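Student: just need the structure, nothing else, for what follows:
(chains A and B)
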Amino acid sequence: MPIKQKTSNDTARPAAKLPELGLDRLSLEQALIDVEVANRRVIELTRRLAGMSKELAALRSQLSGSHVAAMEREVSDLRAQLAALRLQKAREMALTDRAG
Amino acid sequence: MSRLRVLHVITAYNGRAFVPRAIRSARRMDQTAAEVDVLILDDASPEPGWSADLEKICAEEGASYYCTPRNLGIPRNCNLGLLAAVHNGYDFVTINNSDVIFPKNLITVMVAACQQPKVGSVTAWSNNVSVFTLPNQDPDALIADQAAVDYISETLHETFRNKVIDTPAGISFCIMIPTAVIREVGLNDPIFGRGYCEETDWSLRSLAYGYRICLTPSAFVYHMGRGSNVSAGLVSGAHTTVPENEDIIDMRYPEFRQQVTTFERETELWDVRDQAIDALIVKTAGEVGYRIDHDNSQMTGMETPDLVHVGLNPTLVPPVLSVSYRGFTQTFEVGLSTDLVEIFTGRFGRAPVLIDGYDPTVLKERSAKAGRSPLRTYPTSVWPV
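Tutor: Residues are numbered from 1 along each chain as shown, chains lettered A, B, ... in the order given. Below you'll find the model as predicted:
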């Protein structure tokens, strides 16, 4: 796209009547500042995104770890209950044999 | 003491149909209170040939013109205007839409408002500025006229003088800011991309610096509204804002929506609106005249626009009486037996200049041509008030 710029030669009134506002310079300077601000924001957002990704991974891992530990405790409890049931069954059978 | 200087910035994007009118209007504003330079910031309008034509129009009208090398979006284009004012020693800058007509008294009123204690920005009143609207039934037909805008604004100035109303946020369709405030608060945040909500963010930042955000009811600017933004595809016809920009405001200022709700509920603006419409009607009826129509159900308000229209719509139950000047309307419920001539001769201190002076056939044809019914419905209060 061609860059459009002020062409004071085309104007009907003498350019001297209008104030010289230095808009090309202001526009360029501000565009560079805006780019700088945008870059800083991207860097800051990336840093925050990376930090939050790490935090998310750690929380997932922590959640996963605590979940496994709970399951292990549950299995262990079930095993103990099963052993107790087996023992009780064996005693009942022994008593039955003696009585017979 | 040197004269105060104002840089009056009009941002433009296409708008061949209305930008020249805004420039002419700006160039004829009264400069008694301050010297005014008009600057048009063309945001790389895409319409072929329009930028060159606009530059020519600016030269003919005595306005400065700058076309950005590429489209910046409203916030950054406005920032150019703010920077130009700060770096060139102006005392005030006004940022304006291009789909407007400025009143002659605009700068006088706004400079006076900006000189009140701690005022950081002043928005003008209009027919289409969200919650700060002075409602009008058909602004494009009835008040899109320089003489009408001048008259309305002058009447409001006579009524309210230097009154300002504190508001939750400014609207940059026509806003004046002292350059000293810009130096402190800074520019619009370019995070708002192509625009919308940037002035809300800016004005809330100014509030945090202790500045007041004000509306002046003494200057009235006609505003087509969303003309350039809709044509630019910035908002759709159904939307009045950009949702992602609203999200930024919600995140930065979680209290803001509640503040606006409270303002709408408690503002003195309701009374000021009533006073404004009453002032327009009473002054016009007394000085120019008024007409009475006992059946206005087929009228558009355009029949005699300079007169106040007092009209009864007997097709509604109960019948509705409307008193209107160029679409600024008061409505009342009345009985059919009410003697309108007697009541309004007493109220306006003179007899009507016209009674039932319309041809219903002509009006029906006119409304058929316009493709809409001239009959409008209004909120009503009970007569007499």
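
Student: identify the residues contacting the spatially closest residue to B:T32 that is not a sequence neighbour.
Tutor: Excluding its sequence neighbours, the residue lying closest to B:T32 (C-beta to C-beta, 6 or more residues apart in numbering or on different chains) is B:T108, at 6.1 Å. Every C-beta, even on glycine, is put in place using the N, C-alpha and C of the backbone. With contact set as C-beta atoms under 8 Å, 6 or more residues apart in numbering or on different chains, B:T108 has these partners: B:D30, B:T32, B:A33.

Student: which of those sits closest to chain A?
Tutor: Nearest to chain A out of the contacts of B:T108 is B:A33 (C-beta to the nearest C-beta; 18.6 Å).

Student: name the helix or strand for that closest one, please.
Tutor: Assignment of secondary structure by DSSP states H and E places B:A33 within no helix or strand.

Student: for it, give me the pLDDT.
Tutor: Looking at B:A33, its pLDDT is 96.

Student: that one contacts B:K104, correct?
Tutor: No - counting by C-beta atoms under 8 Å, B:A33 stays clear of B:K104, with 11.8 Å between them.

Student: model confidence over stretch B:260-280, on average?
Tutor: The average pLDDT within stretch B:260-280 is 91.

Student: residues in contact with it?
Tutor: B:125, B:131-132, B:134-135, B:152, B:155-156, B:158-160, B:163, B:165, B:167-169, B:215, B:217, B:325-326, B:328-330.

Student: check contacts around B:A148.
Tutor: By C-beta under 8 Å, 6+ apart, B:A148 lies in contact with B:L142, B:Y222, B:P305, B:R326.

Student: again, but for B:G73
Tutor: Contacts of B:G73 by C-beta under 8 Å, 6+ apart are B:D43, B:P190, B:F192, B:G193, B:R194, B:G195.

Student: contact partners for the residue positioned nearest the centre of chain B?
Tutor: Per C-alpha atoms, centre = their mean, the C-alpha nearest to the average position across chain B is that of B:S126, at 1.9 Å. Contacts for B:S126 (C-beta under 8 Å, 6+ apart) come out as B:V100, B:F132, B:T133, B:L134, B:F173, B:C174, B:F220, B:V221, B:Y222, B:H223.

Student: thinking again about what came up before, whichever of the contacts of B:G73 end up buried, select them in ChimeraX.
Tutor: A single ChimeraX command is used to select the members of the contacts of B:G73 judged buried by 16 or more other C-beta atoms under 10 Å in any protein chain shown:
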select /B:43,190,192,193,194,195
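
Student: B:I248: which of the contacts of B:G73 is nearest?
Tutor: Nearest to B:I248, judged by C-beta to C-beta, of those is B:F192 at 7.1 Å.

Student: the closest residue to the closest one other than its chain neighbours: neighbouring residues, count only.
Tutor: Nearest non-adjacent residue to B:F192, counting by C-beta to C-beta, 6+ apart: B:E198, 4.0 Å away. Burial of B:E198 is recorded as 26 neighbouring residues (other C-beta atoms under 10 Å in any protein chain shown).

Student: secondary structure element for B:L39?
Tutor: According to DSSP H and E, B:L39 maps onto strand B:35-42.

Student: relative to strand B:35-42, how tilted is whatever helix or strand comes next after that strand?
Tutor: Downstream of strand B:35-42, the first helix or strand assigned by DSSP H and E is helix B:50-61. Relative orientation of helix B:50-61 and strand B:35-42, computed by axes from the mean of the first three to the mean of the last three C-alpha atoms, to 10 degrees: 170 degrees.

Student: what about helix B:50-61, near chain A?
Tutor: Yes - contact between helix B:50-61 and chain A, assessed by C-beta under 8 Å from any C-beta of the partner chain, occurs at B:S51, B:A52, B:E55, B:K56, B:C58, B:A59, B:E60.

Student: which one of the contacts of B:S126 sits closest to chain A?
Tutor: After measuring those against chain A - C-beta to the nearest C-beta - the closest member comes out as B:C174, at 20.4 Å.

Student: coming back round to it: who wins for neighbours among the residues of helix B:50-61 next to chain A?
Tutor: Neighbour counts for the residues of helix B:50-61 next to chain A peak at B:C58, which has 28 neighbours (criterion: other C-beta under 10 Å).

Student: ok, now which ones touch A:L21?
Tutor: By C-beta under 8 Å, 6+ apart, the neighbours of A:L21 are B:L39, B:S64, B:Y66, B:A84, B:H87, B:N88.

Student: is it possible to get CSV of those residues that adds secondary structure, neighbour count and pLDDT?
Tutor: CSV is the format used below for those (DSSP: H, G, I helix; E, B strand; the rest coil; neighbours: other C-beta atoms under 10 Å in any protein chain shown; pLDDT from 0 to 100):
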residue, secondary structure, neighbour count, pLDDT
B:L39, strand, 25, 97
B:S64, strand, 22, 96
B:Y66, strand, 24, 96
B:A84, helix, 24, 97
B:H87, helix, 15, 96
B:N88, coil, 19, 96
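
Student: what does the stretch 1-150 of chain B put close to chain A?
Tutor: Residues of the stretch 1-150 of chain B lying near chain A (C-beta under 8 Å from any C-beta): B:37, B:39, B:42, B:44, B:51-52, B:55-56, B:58-60, B:62-70, B:76, B:79-80, B:83-84, B:87-88.

Student: what about A:R73, neighbour count?
Tutor: A:R73 has 10 nearby residues by other C-beta under 10 Å.

Student: whichever strand or helix holds it near chain B at all?
Tutor: Using DSSP H and E, A:R73 maps to helix A:23-99. Yes - against chain B, helix A:23-99 shows contacts by C-beta under 8 Å from any C-beta at A:L23, A:L26, A:S27, A:Q30, A:D34, A:V37, A:A38, A:R41.

Student: quick one: that helix to strand B:35-42, angle?
Tutor: 60 degrees.

Student: pLDDT value on the residue in chain B that chain A sits nearest to, please?
Tutor: The minimum distance from chain B to chain A, using C-beta to the nearest C-beta, falls at B:A59 (3.3 Å). For B:A59, the pLDDT comes out at 95.

Student: before we move on, what about B:P379?
Tutor: 34.

Student: still on that earlier bit, isn't the residue nearest to B:F192 up against B:G186?
Tutor: No - assessed by C-beta under 8 Å, B:E198 is found out of contact with B:G186, at 11.9 Å.

Student: against which helices or strands is the top strand by length along chain B packed?
Tutor: Criterion DSSP state E: the longest strand present in chain B is strand B:212-223. Contacts defined by 3 or more C-beta pairs under 8 Å, 6 or more residues apart in numbering or on different chains; DSSP states H and E place strand B:212-223 against strand B:100-101, helix B:106-114, strand B:119-126, helix B:146-160, strand B:165-166, helix B:198-208, helix B:269-287.

Student: alpha carbons only: can I get that strand in PDB?
Tutor: Taking Å, rounded to 0.1, in the frame of the first residue of the first chain, the C-alpha atoms of strand B:212-223 are listed here in PDB:
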ATOM      1  CA  ARG B 212     -13.200  15.500  37.600                       C
ATOM      2  CA  ILE B 213     -14.900  14.000  34.500                       C
ATOM      3  CA  CYS B 214     -17.700  16.400  33.500                       C
ATOM      4  CA  LEU B 215     -20.500  16.900  31.100                       C
ATOM      5  CA  THR B 216     -21.600  20.400  30.100                       C
ATOM      6  CA  PRO B 217     -25.300  20.800  29.400                       C
ATOM      7  CA  SER B 218     -24.600  24.200  27.900                       C
ATOM      8  CA  ALA B 219     -23.100  23.000  24.600                       C
ATOM      9  CA  PHE B 220     -25.100  20.800  22.300                       C
ATOM     10  CA  VAL B 221     -23.400  19.000  19.400                       C
ATOM     11  CA  TYR B 222     -25.400  17.100  16.800                       C
ATOM     12  CA  HIS B 223     -24.100  13.600  16.400                       C
END
